[in-house]
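Chemist: here you go, sequence then predicted model.
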Amino acid sequence: MVKRMFVYVILILALGFAAYVRLAPSDPARWHVLLEIAENRDLPGGVLRRVEGLSDLQALHQIVLQTPRTQVLAGDPAQGHVTYITRSALWGFPDYTTVQLRDGAVLIHARLRFGKSDIGVNGKRVAGWLAQIAG
């Protein structure tokens, strides 16, 4: 009886966590921010990229939207500033990627919302986008 109750408690906690991760609101005021990136850096939960000479944000936008489970959170590529949300397949963890056109460069900040490490997922995703845009 105690073992069964323990299993039920664990199951309820796991389902509650899954619901929270999937249903927690994504506040554009928090995630859709202007970027100032001087150098490319890998972070524990994401990446910062500055891509010189890339001036076609619309082409990059089309590539980003082809990524599974990705949608626009805020902004518009026609205005040079857009933030995307991409959710992981199993748990639906949200990752946020802000893309901004500034002074002939595209600035990209991809980061996780929950946890401390993304195990390189954001860096790989951004690298894949940039490889596609390069040709």
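Modeler: Ah, there it is.
Chemist: what element comes up after the longest helix along the chain heading to the C-terminus?
Modeler: Looking across the chain with DSSP state H, the single longest helix is helix 2-23. The helix or strand immediately downstream of helix 2-23 is helix 28-31, counting by DSSP states H and E.
Chemist: which helices and strands sit right next to that next one?
Modeler: With contacts taken as 3 or more C-beta pairs under 8 Å, 6 or more residues apart in numbering; DSSP states H and E, helix 28-31 sits against strand 70-76, strand 81-87. Bear in mind the C-beta positions are built from the backbone N, C-alpha and C, glycine included.
Chemist: okay if I get the ones you listed as JSON lines plus distance to Ala134 and mean pLDDT?
Modeler: Putting the helices and strands packed on helix 28-31 into JSON lines (distance: least, C-beta to C-beta, whole Å; pLDDT from 0 to 100) gives the following:
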{"stretch": "strand 70-76", "distance to Ala134": "20", "mean pLDDT": "97"}
{"stretch": "strand 81-87", "distance to Ala134": "19", "mean pLDDT": "97"}
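Chemist: so can I have JSON lines of those showing mean neighbour count and distance to Ala105?
Modeler: Output for those, formatted as JSON lines (neighbours: other C-beta atoms under 10 Å; distance: least, C-beta to C-beta, whole Å):
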{"stretch": "strand 70-76", "mean neighbour count": "15", "distance to Ala105": "17"}
{"stretch": "strand 81-87", "mean neighbour count": "20", "distance to Ala105": "13"}
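Chemist: out of the ones you listed, which comes closest to Val9?
Modeler: Across the helices and strands packed on helix 28-31, the minimum distance to Val9, taken as C-beta to C-beta, is reached by strand 81-87, at 26.7 Å.
Chemist: list the helices and strands that closest one packs on?
Modeler: Counting by 3+ C-beta pairs under 8 Å, 6+ apart, strand 81-87 packs on helix 28-31, helix 57-65, strand 70-76, strand 94-102.
Chemist: now these in TSV, with distance to Gly115?
Modeler: Formatted as TSV, the helices and strands packed on strand 81-87 follow (distance: least, C-beta to C-beta, whole Å):
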stretch	distance to Gly115
helix 28-31	16
helix 57-65	22
strand 70-76	19
strand 94-102	10
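Chemist: with that, I have no additional questions.
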